[in-house]
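Trainee: sequence first, predicted model second:
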Amino acid sequence: MNSLGYWISIMLLGFFGTAVLGLFFKWVDRFLTARIQWRKGPPLYQPLADLLKLLGKETVVSERASLGLFLLAPVVGFIGTAVAAAILWAVAIDPTVSFTGDLIVVVYFLVFPSLALILAGSSSGSVHGGLGASREMKMVIGYELPFILGMVPVILGANGTFQLSAIVTTQSAEGVMLLSGGGFLGFLCVLAAMQAKLAVVPFDQAEAETELMGGVIMEYSGPPLALIHLTRAMLLFVLPMFVITVFWGGIQLSGWGLLSTILKFLVLLVVIVLMRNTNPRLRIDQVLSFFWFIVTPVALIACVLSVAGYYV
């Protein structure tokens with residue numbers, strides 16, 4: 001089961017499977033947004049059509065841009081997302097392949113898309129791109145700490161393990177993590193950070209079309225821009241997959257468990273869509289205040305409750 005062919009299959013699933021499901025989730029996002037706004041919405045194939053159209057366009061790079069870094073940035077974000085997806089798929093398909101510390105590895109690779117945007121804006125040679133990169137750096141500083149702290153209740157609830165399969169097994173035996181006091185607060189904190197990682201309203205300051213005309217991705221066109229949009233679509237699937245694995249009993253691929261998993265995905269996707277359609281874009285100082293003075297204290301309370309429950 002741990003052969004080279006198996007891991008190649010997992011990596012291909014991490015790319016192709018996640019890409020297909022991500023594009024489908026992107027369509028669901030756009031369709032629900034359209035219905036909320038009393039519009040008809042796009043056809044099912046629209047996200048794929050948009051991607052193929054960009055792949056056929058010319059790649060134009062500004063003479064002020066740092067060519068190597070500018071073209072490398074979308075690849076970095078895509079690789080980070082694909083590797084995180086592959087690890088989550090591997091745990092869902094065969095928990096025995098899980099390794100010690102894979103939770104930390106997934107969290108690490110989920111930072112790659114944000115770092116790629118910072119690299120993209122910084123190397124674009126554009127004032128708008130540089131400002132967008134500055135905002136993205138502040139965003140990462142704001143949400144990454146509560147995102148990590150929000151998982152402390154899960155780690156303690158699984159007897160201090162950083163192994164995803166052990167976390168899923170613990171939930172199967174003792175109940176899902178989000179039903180505990182600390183686990184529920186941690187879930188809320190991770191949910192808020194997930195919205196910021198997706199770079200959607202109210203946390204799309206790095207692009208802010210009405211202010212920065214695209215910001216970090218303003219100078220991109222053709223296949224590099226297609227890769228950025230594909231990475232965003234994949235994240236729309238990978239981040240809920242991560243939340244379900246860690247907080248909500250894990251991914252099940254057979255029987256009634258599959259139906260339950262689909263419903264969990266839909267619930268999280270609806271929450272994302274409602275948040276982006278019922279909130280205005282925040283200023284960057286408001287974002288930092290929100291994560292530092294509201295979300296982080298809640299995450300600390302979740303940690304305290306979990307530590308008390310673990311040792312008392």
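Mentor: Sure, I can see it.

Trainee: report how many residues lie close to G257.
Mentor: Neighbour count of G257, defined by other CB atoms under 10 Å: 13. Heads up, the C-betas are built off the backbone N, CA and C, glycines and all.

Trainee: try G255
Mentor: The burial count for G255: 8, using other CB under 10 Å.

Trainee: how much space separates it from V76?
Mentor: 38 Å (CB to CB, to the nearest Å).

Trainee: residue closest to the middle of this structure?
Mentor: Centroid-nearest residue in the chain, with CA atoms, centre = their mean: L239, separated by 3.7 Å.

Trainee: apart from its neighbours in sequence, what residue is nearest that residue?
Mentor: Distance criterion CB to CB, 6 or more residues apart in numbering; nearest residue to L239, sequence neighbours excluded, is M194 at 4.8 Å.

Trainee: cool, N277 as well?
Mentor: Counting by CB to CB, 6+ apart, the residue nearest N277 is I36, at 5.0 Å.

Trainee: so who does that neighbour touch?
Mentor: If a contact means CB atoms under 8 Å, 6 or more residues apart in numbering, then I36 has 273-274, 277 as its contacts.

Trainee: can you list which of the residues you listed are found in helices?
Mentor: Per DSSP state H, helices hold the following members of the contacts of I36: 273-274, 277.

Trainee: re the thing from before, SS state for the residue nearest to L239?
Mentor: Secondary structure for M194, judged by DSSP: H, G, I helix; E, B strand; the rest coil, is helix.

Trainee: with Y220 instead?
Mentor: Using three-state DSSP, the structure places Y220 in coil.

Trainee: could you say which helix or strand holds the nearest residue to it once chain neighbours are set aside?
Mentor: In space, and not counting its chain neighbours, Y220 is closest to I228: 6.3 Å by CB to CB, 6+ apart. Following DSSP states H and E, one finds I228 within helix 222-247.

Trainee: ok, now V307?
Mentor: With DSSP H and E as criterion, V307 is part of helix 296-311.

Trainee: what does that helix rub up against?
Mentor: Residues contacting helix 296-311 (CB under 8 Å, 6+ apart): 145-146, 149-150, 152-153, 156-157, 180-186, 188-189.

Trainee: just the buried subset of those, please.
Mentor: 145-146, 149-150, 152-153, 156-157, 180, 182-186, 188-189 (16 or more other CB atoms under 10 Å).

Trainee: of those, closest to Y108?
Mentor: If you rank the buried ones among the contacts of helix 296-311 by distance to Y108 using CB to CB, L145 comes first, at 14.6 Å.

Trainee: what about the nearest residue to that closest one once chain neighbours are set aside, how many residues close to it?
Mentor: Beyond its immediate neighbours in the sequence, the residue positioned closest to L145 (CB to CB, 6+ apart) is T296, lying 5.9 Å away. Residues near T296, counting by other CB under 10 Å, number 19.

Trainee: give me every residue that touches V83.
Mentor: Neighbouring residues of V83 by CB under 8 Å, 6+ apart: 14, 109.

Trainee: and the helix or strand encompassing it, average pLDDT?
Mentor: V83 belongs to helix 67-93 when assigned by DSSP H and E. Averaging pLDDT along helix 67-93 gives 94.

Trainee: how about that helix: buried residues?
Mentor: 70-74, 76-92.

Trainee: so what touches the very next helix or strand once past that helix?
Mentor: Sequence order places helix 102-109 as the next helix or strand after helix 67-93, per DSSP H and E. For helix 102-109, contacts defined as CB under 8 Å, 6+ apart pick out 80-81, 83-84, 87-88, 91, 147-148, 151, 155, 162-164, 167, 242, 246.

Trainee: show me where pLDDT drops low in the stretch 51-200 of the chain?
Mentor: Of all residues in the stretch 51-200 of the chain, none has pLDDT under 70.

Trainee: any idea how many residues pack against I141?
Mentor: For I141, using other CB under 10 Å, the count is 12.

Trainee: contacting residues for the residue nearest to Y220?
Mentor: With CB under 8 Å, 6+ apart, I228 has these contacts: 74, 77, 120, 217, 220.

Trainee: correct me, but L230 touches D50?
Mentor: No - the pair L230 / D50 is not scored as a contact, 10.1 Å apart, by CB atoms under 8 Å.

Trainee: buried ones in stretch 28-36?
Mentor: 28-33.

Trainee: relative to I251, which of those residues is nearest.
Mentor: V28 (18.0 Å).

Trainee: give me the mean pLDDT for whichever strand or helix holds that closest one.
Mentor: Using DSSP H and E, V28 sits in helix 18-36. Mean pLDDT, helix 18-36: 95.
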